[in-house]
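Undergrad: just to be clear, the model below is a prediction. Sequence and coordinates:
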Amino acid sequence: MPKQVDHDERRRHIAEAVLRLASPEGLDRARLRDVAAEAGISLGSVQHYFRSKDEMVLYVVRHLGKRVTERILSGMCEAPGTSRVRSILMSMATEMLPLDDQRRAERRASRALTARAIDAPELIEELRQGDRWLHERVMELIEQGRRDGELRPELDPALEAVALLAMIDGLGGDLLLGVRDPGETLAAIRYHLDRLGPP
């Protein structure tokens, strides 16, 4: 009896191979045959699931976005403490920062995907959608914190969301370059979030 192939799992397996290659090499140097070798499958198998490199990269963008989003949502559900909104935002920041090998590889791959998106409108739109989703979630949390009295009532949720996400992104780059260490990075974000609370 022929072996049943889980096609979604095979696509995810290929996507993980792309992410491993994108991290140290950049995407432009990763050819389909390189992806096949990294995934341990034939070039024909890769081409069966993805007709072109651009189609494969678009899938990888969605796969990476889903993986990070699931971790963020999980952290939002598990955030402890009386300062719930600040705990959730801190958990979100922790999931987005390159604090371990997996998240460092994700950050490097994300930068490679962003660089490739400059000349690929469908990739740009996918990345924009992810950015909008994240901005809206942070904005909603800040608005909730204002309503609950956990955050200062005069805060502008939309602008605070932009500022926090830009801070996380900048500190993530600092971590990759070794400009900051993890303890210093997390302390800076905690300090910023504490300043959003009432005096």
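TA: Yep, it's here.
Undergrad: okay, which residue is most central for this structure?
TA: Geometric centre of the chain, nearest residue: V68, 4.6 Å, by CA atoms, centre = their mean.
Undergrad: that one: which element?
TA: helix 53-78 (DSSP states H and E).
Undergrad: show me what the following helix or strand past that helix packs onto, helices and strands only.
TA: Sequence-wise, the next helix or strand downstream of helix 53-78 (DSSP H and E) is helix 84-96. The helices and strands touching helix 84-96, judged by 3 or more CB pairs under 8 Å, 6 or more residues apart in numbering; DSSP states H and E, are helix 53-78, helix 121-148, helix 157-177, helix 182-195. In short, each C-beta sits where N, CA and C put it, glycine included.
Undergrad: pull the distance from the longest one to the chain's centre.
TA: In this view, helix 121-148 has its centroid 12 Å away from the chain centroid, taken as CA atoms, centre = their mean, to the nearest Å.
Undergrad: angle of it against helix 157-177?
TA: Counting by axes from the mean of the first three to the mean of the last three CA atoms, to 10 degrees, helix 121-148 lies at 120 degrees to helix 157-177.
Undergrad: buried residues in helix 121-148?
TA: 123, 126-127, 130, 134-135, 137-139, 141-143, 145-146 (16 or more other CB atoms under 10 Å).
Undergrad: okay then, goodbye and thanks.
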